[in-house]
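Chemist: pasting the sequence and the predicted model now:
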Amino acid sequence: MADTPRISNTDAAAPDTQSSTLQRSLKNRHIQLIALGGAIGTGLFYGSSDSISLAGPSVLLAYLIGGLAIFLIVRALSEMSVEDPNAGAFSYYATRYWSKRAGFVSGWNYWFNYILVSMVELAVVGSFVNYWFPAIPQWVSAAFFLVLITCMNLLGVNKFGEFEFWFAIIKIVAVIAMIIGGIAVIIAGLPTASGIRASFANLFTIDGGFFPHGLLSRAPDGTWTGLLMALVVVMFSFGGTELIGITAGETEDPATTIPKATNGIIARILTFYVFALAVIMAVVPWNTIDGSSSPFVQIFDSVGVHAAAGILNFVCLTAVMSVYNSGLYANSRMLYSLARQGNAPAYLGTTNKRGVPVAGVLTSAAITVIAVVVVFLWPEFAFNYLMSIATIAAFINWGMVVITEMKFRKAVAAGKGPGRLAGLTGQEALNALRFKLPFARVTPYFVIAFQLMIVVLMCMSDSYFVAVIAGVIWVAVLLIAYQLTQAASSRSSRAE
């Protein structure tokens, strides 16, 4: 990816031009809750049972290790976002500091990833609605929420921030209530359905202790288990944390807000993953968490509070709405940025008087409709193959973020930094960065090596191996698409 990017250092005004059309009206509380809510979704409420079954209590270490990796990735993105706040985030930075081809791949990969994620969320929203209203067809629920969230996104970025704020509050209250309830059960020594007294000692004494499957072991059925295999599941539960960078172009004070939100990632992971799951496994023996129901429901069912299932159903319904709301927001801004880079049709690079890229919102919503129809008509194809692309797409972007950060630092040191850094060179320029990536000389290589390890582990899992193959094919498709669009653009220019 060595072609010359369209956005050069002489185009340093580009971010300011964008901020004059997109409105900087997201407040600090919006960003904090968007970042917080991004770490809490159905992956925590339901998917955590998969990682627990793979690693037992040692899954807590998996969340710590994975959390550190995602923290460093977001720190790399935030280093650039603070100096060069832009709604296109990593796609814009890849175009400016790497190449136009890299920006194309990064942007369209991220856009398509969220289309597929939105596809799944809308496809399953009907199951949550059917919990209370079984007579409503699932496609009706999907259509209703698609239209509702699309209308929300057309109201303006401050309204988006407000909706996300309250969606996040609901999820946070649910997790905190579970933690408090679980601690009360442990302190009071209440009897549980398993007959085992609730205690944190259960993390070390039940069925093999803290490391029941070790770092890596093979189960009797031939599948791989252990702490390392749980890391694969854990990493993909952190998808969405990079939304912090997407919001930078519409944040009132990105230089203050982005660092606060980013630095809070570790605390959020400790509270809402590590501590929450530790409480769950202290009350409900880890070897009885089999995925047949949410661990959050099991913890209350075990002490006779059976209303928890209905409460969690409501929480998951809001979580699904939150994911689609965030996805549509991120996708519309990504299309806006791609259009301004010359990597998407020009009509996508316009906004209305509220600063909303309406064309990007409506285009993304329309493509999501097609994707949801595919789920209902060909569910096996959608979940086996399309979701494999979504699974690996996050890894592709995370890898590109840290590579772009290295190129960003080279540009800064060469005197080609954005805004106030322009003209400064060498170590003086690097020292002027306001939110530096820790140990920046080695951190990107550590993150890349970690990601490569995860890919190797994915190849050892039948369900994830498909995602690796799909990822290779997907990158090839994006590179070919870039060449075709460039060839078409070149022919158009010659014709004029």
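Modeler: That came through, no problem.
Chemist: measure stretch 80-98 end to end?
Modeler: 13 Å (Cα to Cα, to the nearest Å).
Chemist: isn't Ala432 up against Arg420?
Modeler: Yes. Using Cβ atoms under 8 Å, Ala432 is in contact with Arg420, at 7.5 Å. In short, each C-beta sits where N, CA and C put it, glycine included.
Chemist: of these two, which one has the most company?
Modeler: For Ala432 versus Arg420, neighbours defined as other Cβ atoms under 10 Å are more numerous around Ala432 (14 against 10).
Chemist: gap between the more buried one and Ala414?
Modeler: 14 Å (Cβ to Cβ, to the nearest Å).
Chemist: do the same with Ala422
Modeler: Computed as Cβ to Cβ, the Ala422 to Ala414 distance reads 11 Å.
Chemist: in stretch 281-294, what counts as buried?
Modeler: Buried residues in stretch 281-294, counted by 16 or more other Cβ atoms under 10 Å: 281-286, 288-289, 294.
Chemist: among the residues you listed, which one sits closest to Met453?
Modeler: Relative to Met453, the closest of those is Trp286; by Cβ to Cβ it sits at 24.6 Å.
Chemist: what sits closest to that closest one if chain neighbours are left out?
Modeler: Closest residue to Trp286 apart from its sequence neighbours, by Cβ to Cβ, 6 or more residues apart in numbering: Gly56 at 5.1 Å.
Chemist: picking up where we left off before, overlap in contacts, Ala432 and Arg420.
Modeler: Residues touching both Ala432 and Arg420 by Cβ atoms under 8 Å, 6 or more residues apart in numbering: none at all.
Chemist: quick one, helices of the stretch 101-250 of the chain?
Modeler: Applying DSSP state H, counting those that start in this stretch to the stretch 101-250 of the chain gives helices spanning 138-154, 157-188, 202-205, 227-237, 243-246.
Chemist: buried residues in the second one?
Modeler: For helix 157-188, the buried set under the neighbour-count rule, 16+ other Cβ under 10 Å, comprises 157-165, 167-168, 170-172, 174-175, 178-179, 181-183, 185-186.
Chemist: likewise the third one?
Modeler: When burial is assessed from 16+ other Cβ under 10 Å, helix 202-205 yields the following buried residues: 202-203.
Chemist: residues in contact with that helix?
Modeler: 57, 60, 196, 210, 278, 281-282, 285-286.
Chemist: may I ask which two of those residues are separated the most?
Modeler: Leu60 and Ile196 (18.8 Å).
Chemist: which one's more surrounded, those two?
Modeler: Leu60 (23 against 16).
Chemist: and the helices of the stretch 101-250 of the chain as TSV, adding distance to Val117 and mean pLDDT?
Modeler: As requested, the helices of the stretch 101-250 of the chain are exported to TSV (distance: least, Cβ to Cβ, whole Å; pLDDT from 0 to 100):
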stretch	distance to Val117	mean pLDDT
helix 138-154	13	92
helix 157-188	16	87
helix 202-205	32	92
helix 227-237	11	90
helix 243-246	12	82
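Chemist: for Asn109, see how far away the residue nearest to the spatial centre of the chain is.
Modeler: Nearest residue to the geometric centre of the chain (Cα atoms, centre = their mean): Gly240, 1.6 Å. Separation of Gly240 from Asn109 (Cβ to Cβ) stands at 15 Å.
Chemist: and stretch 248-261, end to end?
Modeler: 11 Å.
Chemist: go through that stretch and flag the buried ones.
Modeler: Those would be 248-251, 254, 257-259, 261, for stretch 248-261 by 16+ other Cβ under 10 Å.
Chemist: cool, and stretch 265-274?
Modeler: For stretch 265-274, by 16+ other Cβ under 10 Å, it's 265, 268-269, 271-274.
Chemist: what number of residues lie near Ala413?
Modeler: Neighbourhood size, Ala413 [other Cβ under 10 Å]: 17.
Chemist: Pro418 too?
Modeler: Residues near Pro418, counting by other Cβ under 10 Å: 24.
Chemist: which pLDDT value does the model give it?
Modeler: The model reports Pro418 with a pLDDT of 91.
Chemist: can you tell me the closest non-neighbouring residue to it?
Modeler: Asp84 (4.0 Å).
Chemist: right, and the one you found touches Tyr93 too?
Modeler: Yes. Between Asp84 and Tyr93 there is a contact under Cβ under 8 Å: 6.9 Å.
Chemist: would you check how far apart Glu83 and Phe145 are?
Modeler: 37 Å.
Chemist: neighbours of Phe439, how many?
Modeler: Other residues close to Phe439 by other Cβ under 10 Å number 10.
Chemist: re the thing from before, now, which of the buried residues of stretch 281-294 lie within helices?
Modeler: 281-283 (DSSP state H).
Chemist: off-centre distance for the strand or helix carrying Ala365?
Modeler: Taking DSSP states H and E as the definition, Ala365 sits inside helix 358-377. Relative to its chain's centre, helix 358-377 lies at 19 Å (Cα atoms, centre = their mean, to the nearest Å).
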